[in-house]
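> below are the sequence and a predicted model for it; my questions follow.
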Amino acid sequence: MFGLFKRRASAQGRIGIAMDRESVAIAVVLRDAGQLRLTRCEVLAVDAAGGPEAMAAILRSAGLPHLPISSVLRTDDYQLALVEAPDVPPAELRAAMRWRLKDAIDFRVEDAVVDVFDVPAQNRGGHGRMMYAVAARRDAVERCAAALSASPAFDVVDVPELCLRNIASGLPGVAGGIALLHLGEVAATVILVRGTTFYFARQMDLQAIQRTAAAKDSGAVVDSTGIVLELQRSLDYYERHFDQPPITRIAVSNCGAHALALMQDLNRDTGFEVTALDLNSVLQCAVPIAPETQAACLMAVGAAMREEHRSL
């Protein structure tokens with residue numbers, strides 16, 4: 001997404017970093033004859049009171065290999081909008097898109113860093129080319145840059161949707177299309193991918209979805225009604241707007257008891273093939289990755305799987 005430097009040297013792998021207020025997830029993915037090997041996947045604690053300096057100190061001491069580095073924005077650090085692309089030369093696209101976003105985001109566009117990425121042409125007569133525009137809070141991008149200022153290989157600030165795209169593209173059966181549903185702490189994200197092509201993304205505010213007190217094994221679970229409805233709307237949009245066969249496979253990120261309950265509801269309510277996302281089936285791993293580590297490092301792994309050598 002947000003390329004920070006002109007340099008795009010070819011590399012045999014990439015490091016993905018996902019920073020939170022009290023921790024940082026690190027993943028290292030190597031490429032060998034078309035195969036992806038996950039050689040490192042861990043979470044390190046950070047002193048939240050220390051700010052970017054504390055994060056920078058942890059990363060300096062992490063012993064990272066000399067590979068390009070992608071950092072991932074948090075969900076509250078940016079907004080994603082599907083908008084009609086302005087009819088301008090490519091060099092002027094970001095500047096023109098900034099003003100298209102003025103009424104589509106909830107913070108000042110003057111305080112945003114803007115980038116765009118394409119989706120396939122839609123089957124919508126009379127409508128122009130559609131693109132996804134990302135408006136990131138400038139202070140969030142600067143925070144990433146400050147934390148990684150001592151790492152000369154740091155070259156990209158990415159967004160979770162594209163990290164999830166990278167993971168989904170490695171899932172079995174993706175050639176026929178897959179919906180990947182990621183359940184975070186406060187938001188859920190669904191992306192629709194066929195092969196390596198990104199078609200659609202939708203975010204759901206889990207705090208706005210009714211929670212139930214019913215217990216299943218390990219405690220309360222999220223009421224799945226709203227999530228199932230939003231997922232179905234996404235699949236309906238995909239079928240109406242793109243000239244592609246329906247997607248009938250759903251992968252759900254591993255996030256504990258409520259993910260398992262949601263999978264059961266999806267199986268019952270949609271009739272689709274629903275499976276739990278397992279990074280061990282996407283990457284070669286010397287040691288199997290435990291479910292809790294997968295949940296904590298998912299975005300870092302997706303960032304490390306990035307293949308693009310330039311920003312848009």
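Perfect, I can see it now. Residues are numbered from 1 along each chain as shown.
> touching, residue 188 and residue 203? I think so.
Yes: here residue 188 reaches residue 203: they are 7.3 Å apart, a contact under C-beta atoms under 8 Å. All C-beta atoms are positioned from the backbone trio N, CA, C, and that covers glycine.
> between the two, who's got more neighbours?
Higher neighbour count among residue 188 and residue 203: residue 188, with 23 against 17, using other C-beta atoms under 10 Å.
> for the more buried one, what are its contacts?
The contact partners of residue 188, by C-beta atoms under 8 Å, 6 or more residues apart in numbering, come to 181-182, 203-204, 206, 227, 230.
> apply 10 Å and report the result again.
181-182, 202-206, 209, 222, 226-227, 230-231, 252-253, 255, 262 (C-beta atoms under 10 Å, 6 or more residues apart in numbering).
> partner strands of the strand or helix carrying residue 37 and their direction?
Taking DSSP states H and E as the definition, residue 37 sits inside strand 35-45. In its sheet, strand 35-45 lies beside strand 23-32 (antiparallel), strand 284-285 (parallel), with partners assigned from DSSP bridges.
> quick check: mean pLDDT of the first one?
This means strand 23-32. This predicted structure assigns strand 23-32 an average pLDDT of 94.
> buried ones in that strand?
Buried residues in strand 23-32, counted by 16 or more other C-beta atoms under 10 Å: 24-30.
> same thing with stretch 129-149?
Burial within stretch 129-149, assessed by neighbour count using 16+ other C-beta under 10 Å, is assigned to 130-137, 140-141, 143-144, 147-148.
> point out where the stretch 51-200 of the chain drops to low pLDDT.
Of all residues in the stretch 51-200 of the chain, those with pLDDT under 70 make up the ranges 124-127.
> excluding its backbone neighbours, what's nearest the residue nearest the centre of the chain?
The chain has residue 160 as the residue nearest its centroid, 2.1 Å off, counting by C-alpha atoms, centre = their mean. Distances taken as C-beta to C-beta, 6 or more residues apart in numbering put residue 299 closest to residue 160, at 5.5 Å, once the chain neighbours are dropped.
> helices of this structure, start to end?
Listed in chain order, the helices of the chain (DSSP state H) span residues 51-60, 93-100, 138-147, 160-168, 225-241, 257-270, 291-304.
> quick one: closest of those helices to residue 73.
In terms of C-beta to C-beta, the element of those nearest to residue 73 is helix 138-147, at 5.8 Å.
> give me the contact list for that closest one.
Contacting residues not belonging to helix 138-147 are listed as 1-2, 4, 17, 19, 24, 46, 51-60, 69-74, 76-78, 107-108, 110-113, 136-137, 154, 156-158 [C-beta under 10 Å, 6+ apart].
> now do that helix against helix 51-60, angle only.
Here helix 138-147 runs at an angle of 40 degrees relative to helix 51-60 (axes from the mean of the first three to the mean of the last three C-alpha atoms, to 10 degrees).
> with just CA atoms, put helix 138-147 into PDB.
Provided in PDB are the C-alpha atoms of helix 138-147 (Å, rounded to 0.1, in the frame of the first residue of the first chain):
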ATOM      1  CA  ARG A 138      -1.100  10.500   9.100                       C
ATOM      2  CA  ASP A 139       0.000  10.100  12.700                       C
ATOM      3  CA  ALA A 140      -0.500   6.300  12.500                       C
ATOM      4  CA  VAL A 141       1.800   6.100   9.400                       C
ATOM      5  CA  GLU A 142       4.300   8.300  11.100                       C
ATOM      6  CA  ARG A 143       4.100   6.100  14.200                       C
ATOM      7  CA  CYS A 144       5.000   3.000  12.100                       C
ATOM      8  CA  ALA A 145       7.900   4.900  10.500                       C
ATOM      9  CA  ALA A 146       9.200   6.100  13.900                       C
ATOM     10  CA  ALA A 147       9.100   2.600  15.400                       C
END
